[in-house]
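Asker: structure for the following, please:
(chains A, B, C and D)
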Number of protein chains: 4
Amino acid sequence: MFTTTITPRFGDVDALGHINNTVLPVWFETARNPFFRIFQPDLKIDKKTWSLILAHIDFDFLQELTIECDVEIRSSVSRVGSKSFTTLHEAWQNGKLCVRGEAVLVHYDFNIKQTTPIPEHIKAQLSEHLV
Amino acid sequence: MFTTTITPRFGDVDALGHINNTVLPVWFETARNPFFRIFQPDLKIDKKTWSLILAHIDFDFLQELTIECDVEIRSSVSRVGSKSFTTLHEAWQNGKLCVRGEAVLVHYDFNIKQTTPIPEHIKAQLSEHLV
Amino acid sequence: MFTTTITPRFGDVDALGHINNTVLPVWFETARNPFFRIFQPDLKIDKKTWSLILAHIDFDFLQELTIECDVEIRSSVSRVGSKSFTTLHEAWQNGKLCVRGEAVLVHYDFNIKQTTPIPEHIKAQLSEHLV
Amino acid sequence: MFTTTITPRFGDVDALGHINNTVLPVWFETARNPFFRIFQPDLKIDKKTWSLILAHIDFDFLQELTIECDVEIRSSVSRVGSKSFTTLHEAWQNGKLCVRGEAVLVHYDFNIKQTTPIPEHIKAQLSEHLV
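Answerer: Numbers count the residues shown, from 1 in each chain, chains lettered A, B, ... in the order given. All right, here's what the predicted structure looks like:
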């Protein structure tokens, strides 16, 4: 599991007084940096070497999030397939699970525009974070 | 079905040259304005009168979106329940369906902090957009 | 002058009930598309051919913007220099000027990493929008 | 001076490979939380008690920011007036000052819709961060 701490900001709060839903995809993407680094340690984004595309994301809003204290994003892996894997993200605040969501990432070669198998040593690293 | 036209902007394009995934939740939220107006015609957002909370969103990324031409968001209703309903959104560009997603909206009374039945006349209006 | 119509969305409204300040940089960037197209008609963003970098932006918040109706962004050019130019953007709602701001764009060759003169025929096109 | 550490995310990087300009207003707003807490220690945003509105923001882009390492936002106060004050924000990465900007915040009573003097004890606290 990787942990990312987020400080909510004024404009993340919508007119009903809670963190707006569209903020969560941004926070969960930030929380995928450690997974991206397994594939690309320096995090340089270049079509010649970058090898992931996003196929799906979803979000379940369980409790309201507020600006008043930091949010902890807990990220793990819920599935490792041959050419894709799924990350699981949870946003916690004040000891409560507030938002839960997954992202499906596909291993892809931008040079030949095709999905490609995830190398075994990377699968092993991803599997360390399996829940 | 409601149609919303979006002009992509420079910063919506990420380092791989396509519209970033986190932009779609924003576009689909914009596309929910016509549904919000069924409940609150003037779109004034106030806890005393606003009656919807978001319980779930998901997105399937089928084709890449680019900045080069406008995107059409087609929005309809995929389910009308007693206390909640589901909107369906499709992002089309150049005649191709690029992203598809749903949102579950719950009818809620912020004064008593409880879910409440959707009035029949509103259900009827939502049902006009059922697919 | 170029005109861009923007439909505000639910999450653009912050906890004080008005469009959050960080939304305006996004809207004004969208409104720069027509200027970008003078340099790059197909709007393809590629370091080999793209020739603009942003040096400065500013925003004066004069009146509150709400979600209740569309916003018109009026964009013109306030300065054409030899290697840079300045765009001027105004956000109007309900007949009122609500936000005013400028952006300084520098003509730049990413291949040699140097500023370069704006070609005369492009200066002429930009000057058509001078105020 | 207050320091805020930001981890850039995949979608903050635009098609030219650097952090997009519209991300900085968001980061600098996050960096204003400690100033907001001087006025409203619990950071609860409510028109009855919140007392600040934003009048102006500007940004000078001096160096490119990348996703590859964290960004430090250094925030101070550049002016304390009778009814408003100005915050100064600098984004540093790899020992380089990359973006510099200011924000003008006006002390405002939302109940009577008028600007009001900043109390002396708050002026004193703001002045501790004057540069």
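Asker: got the contact list for the most centrally placed residue in chain A?
Answerer: Nearest to the geometric centre of chain A sits A:Arg32, at 3.7 Å (Cα atoms, centre = their mean). By Cβ atoms under 8 Å, 6 or more residues apart in numbering or on different chains, A:Arg32 lies in contact with A:75, A:87, A:89, A:103, A:105, D:10. Backbone N, C-alpha and C define where each C-beta goes, glycine included.
Asker: ramachandran angles for the last one?
Answerer: When read as degrees, to the nearest 10, the backbone of D:Phe10 gives phi -50, psi -50.
Asker: please name the nearest non-neighbouring residue to it.
Answerer: Nearest non-adjacent residue to D:Phe10, counting by Cβ to Cβ, 6 or more residues apart in numbering or on different chains: A:Glu29, 5.5 Å away.
Asker: cool, and the second one?
Answerer: When the adjacent residues along the chain are set aside, A:Thr87 lies closest to A:Ala103, with 4.9 Å between them (Cβ to Cβ, 6+ apart).
Asker: what about the one you found, how many neighbours?
Answerer: Here the number of neighbours of A:Ala103 (other Cβ atoms under 10 Å in any protein chain shown) works out to 25.
Asker: same check on A:Ile45?
Answerer: 19.
Asker: ok so it is a strand residue?
Answerer: No - assessed with DSSP: H, G, I helix; E, B strand; the rest coil, A:Ile45 is coil; it does not lie in a strand.
Asker: gap between the strand ranked longest in chain A and the chain center?
Answerer: As assigned by DSSP state E, the longest strand anywhere in chain A is strand A:96-109. Remark: strand A:96-109 is offset 5 Å from the chain centroid, using Cα atoms, centre = their mean, to the nearest Å.
Asker: if we go by neighbour counts, what in that strand is buried?
Answerer: By 16 or more other Cβ atoms under 10 Å in any protein chain shown, the buried positions in strand A:96-109 come out as A:98-108.
Asker: tell me which two of these sit farthest apart.
Answerer: A:Cys98 and A:Tyr108 (31.7 Å; Cβ to Cβ).
Asker: let me know the closest of the buried residues of strand A:96-109 to B:Leu130.
Answerer: Closest to B:Leu130, out of all of the buried residues of strand A:96-109 and judged by Cβ to Cβ, is A:Gly101, at 26.6 Å.
Asker: and the residue lying closest to A:Val13 once chain neighbours are set aside, how many neighbours?
Answerer: Closest residue to A:Val13 apart from its sequence neighbours, by Cβ to Cβ, 6+ apart: C:Ala15 at 4.3 Å. Counted by other Cβ under 10 Å, the residues lying close to C:Ala15 total 22.
Asker: so what's C:Ala15 up against?
Answerer: A:10, A:13-15, A:17, A:67, D:45-46, D:50.
Asker: before we move on, what about A:Leu126?
Answerer: A:35, A:38, A:77, A:80, A:85, A:118.
Asker: switch to 6 Å and redo it
Answerer: A:77, A:80, A:85 (Cβ atoms under 6 Å, 6 or more residues apart in numbering or on different chains).
Asker: also A:Pro34?
Answerer: The contact partners of A:Pro34, taken as Cβ under 6 Å, 6+ apart, are A:Phe2.
Asker: over to the one 4 residues further on?
Answerer: With contacts defined as Cβ under 6 Å, 6+ apart, the neighbours of A:Ile38 are A:122, A:125.
Asker: ramachandran angles for it?
Answerer: phi -60, psi -40.
Asker: same check on A:Leu43?
Answerer: Dihedral angles (degrees, to the nearest 10) for A:Leu43: phi 60, psi 20.
Asker: ok, now how distant is it from chain C?
Answerer: With distances taken as Cβ to the nearest Cβ, to the nearest Å, A:Leu43 is found 18 Å from chain C.
Asker: can I assume that residue is in contact with D:Asp70?
Answerer: No - at 11.2 Å, A:Leu43 and D:Asp70 do not qualify as touching, with contact defined as Cβ atoms under 6 Å.
Asker: can you pull out the strands in chain A?
Answerer: Under DSSP E, chain A gives strands at A:2-6, A:52-61, A:71-80, A:84-93, A:96-109, A:114-115.
Asker: between those strands, which one is nearest to B:Ile6?
Answerer: Among the strands of chain A, strand A:52-61 sits nearest to B:Ile6 (Cβ to Cβ), with 18.6 Å.
Asker: could you check the angle that closest one makes with strand B:96-109?
Answerer: Relative orientation of strand A:52-61 versus strand B:96-109 (axes from the mean of the first three to the mean of the last three Cα atoms, to 10 degrees): 20 degrees.
Asker: just checking: what are the partner strands of strand A:52-61?
Answerer: Applying DSSP bridges, strand A:52-61 is found paired with strand A:96-109 (antiparallel), strand B:52-61 (antiparallel).
Asker: contacting residues around the spatially closest residue to A:Phe59 that is not a sequence neighbour?
Answerer: Spatial nearest neighbour of A:Phe59, chain neighbours left out: A:Gly101 (4.0 Å); criterion: Cβ to Cβ, 6+ apart. Going by Cβ under 6 Å, 6+ apart, A:Gly101 touches A:28, A:58-59, A:89.
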